[in-house]
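# Dropping a prediction and its sequence here:
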Amino acid sequence: MNSINIIGRLTRDPELKFGATGTAYSRFTIAVNRKTDKDKVDFFNCVAFKKTAEIIGEYFRKGNLIGITGSLQTNEYEVNGEKKKSIDIFVENITFLEKKKITEEIENSENTNEEFPF
């Protein structure tokens, strides 16, 4: 069974992109404190697709706490002729863990239209 549940904070704002076929995707990294040593942090690369990617791109920002359920995937690629490997978390589900922060961000983005102040 290949399943992972992880909670961490985004290290930067996620970027929402669209592939050649129009499929939405978002790559981002989360920082996770180690259970045994709170002073150490591990960084995990994540990738989400379709509606999940759109939600992450719209509502999450650097520093937001996010819960992720997914699976691990190994990828092989070449850079300047050198073979490399990466392990990414393939995001299947997300959980909003900071309702107040995200709600405030949504409200602030809705209030940016100053054309009609009343």
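Received, thanks.
# Going by C-alpha atoms from here, please, whenever you check contacts or count neighbours.
OK.
# is G70 in a bridge, and if so with what?
Beta-bridge partners of G70, counted by DSSP bridges, are I4, V91.
# what pLDDT does it get?
At G70, the model reports a pLDDT of 97.
# again with the one 10 residues further on
Turning to N80, the model gives it a pLDDT of 93.
# Can you give me the separation between it and D88?
Plainly put, N80 is 21 Å away from D88 if you go by Cα to Cα, to the nearest Å.
# So between those two, which is more surrounded?
Legend: neighbour count by other Cα atoms under 10 Å for N80 and D88, higher for D88 (19 against 5).
# wait, isn't the more buried one in contact with N45?
Yes - with contact defined as Cα atoms under 8 Å, D88 counts as touching N45 (5.1 Å).
# and the nearest residue to E76 once chain neighbours are set aside, how many neighbours does it have?
Leaving out its chain neighbours, the residue that sits closest to E76 by Cα to Cα, 6 or more residues apart in numbering is K85, at 4.5 Å. The tally of other residues near K85 (other Cα under 10 Å) stands at 10.
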